[in-house]
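**Q** Here is my input; please provide its structure:
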Amino acid sequence: MIRLLLALALQGSLDARAREFHCDDPQNQMEMNICAGLDFERADAELNILWRQVVASARARDRELDRRYDQRPTSEAKLREAQRAWLVFRDAHCAVQGYDEARGGSMEPMVYGTCRAELTRQRIAQLRGLGE
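**A** All right, here's what the predicted structure looks like:
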């Protein structure tokens, strides 16, 4: 319940900041950069909520393992390994995309933030598909 309240508070804060910087129709590069960052923060917050659920599901599945016959790493361990690798990939990939499109320019932060938001939403879809 506390996590839900914190998530709602964060969402409200992000919404207020989005209104402050006119993210429904940003008019200058600074606003576009900020709005891309806020979009990523919103996606990241959603990912973090889902992450806790996915880890809990993996733990539940792991409790059903008969460790006498299956000595491989647990689902939770592999999930964490995959997520760490994905985070490194996401940030490096988006840095390259920012360099390719606007290295050193005023829109590089927007490209980077937009990329991180898009890849984070893709990861959310991937994680939701686990265990189906």
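**Q** what about Y69, is that helix, strand or coil?
**A** Taken by DSSP: H, G, I helix; E, B strand; the rest coil, the conformation at Y69 corresponds to coil.
**Q** Pull the number of nearby residues for it.
**A** For Y69, the neighbour count with other Cβ atoms under 10 Å is 6. Glycine gets a C-beta too; all of them are placed from N, C-alpha and C.
**Q** again, but for R84
**A** R84: 10 neighbours (other Cβ under 10 Å).
**Q** which SSE is it in?
**A** Per DSSP states H and E: R84 is located in helix 75-102.
**Q** same deal with A45?
**A** Counting by DSSP H and E, A45 is found in helix 29-63.
**Q** what helices or strands is that helix leaning on?
**A** helix 2-20, helix 75-102, helix 108-129 (3 or more Cβ pairs under 8 Å, 6 or more residues apart in numbering; DSSP states H and E).
**Q** With respect to E46, which of those lies nearest?
**A** helix 108-129 (6.0 Å; Cβ to Cβ).
**Q** circling back: and the angle for the helix holding A45 with helix 75-102?
**A** Angle, helix 29-63 to helix 75-102, by axes from the mean of the first three to the mean of the last three Cα atoms, to 10 degrees: 160 degrees.
**Q** related to what we said a few turns ago, if I average pLDDT within each of the helices and strands packed on helix 29-63, which one is lowest?
**A** If the helices and strands packed on helix 29-63 are sorted by mean pLDDT, helix 2-20 sits at the bottom with a mean of 63.
**Q** on that earlier part again, okay, the helices and strands packed on helix 29-63, which one's buried deepest?
**A** helix 108-129 (a mean of 18; mean count of other Cβ atoms under 10 Å).
**Q** nearest spatial neighbour of C35, skipping sequence neighbours?
**A** Closest residue to C35 apart from its sequence neighbours, by Cβ to Cβ, 6 or more residues apart in numbering: C23 at 3.9 Å.
**Q** what's the one you found in contact with, if anything?
**A** With contact taken as Cβ atoms under 8 Å, 6 or more residues apart in numbering, C23 is in contact with E31, I34, C35, L38, D39.
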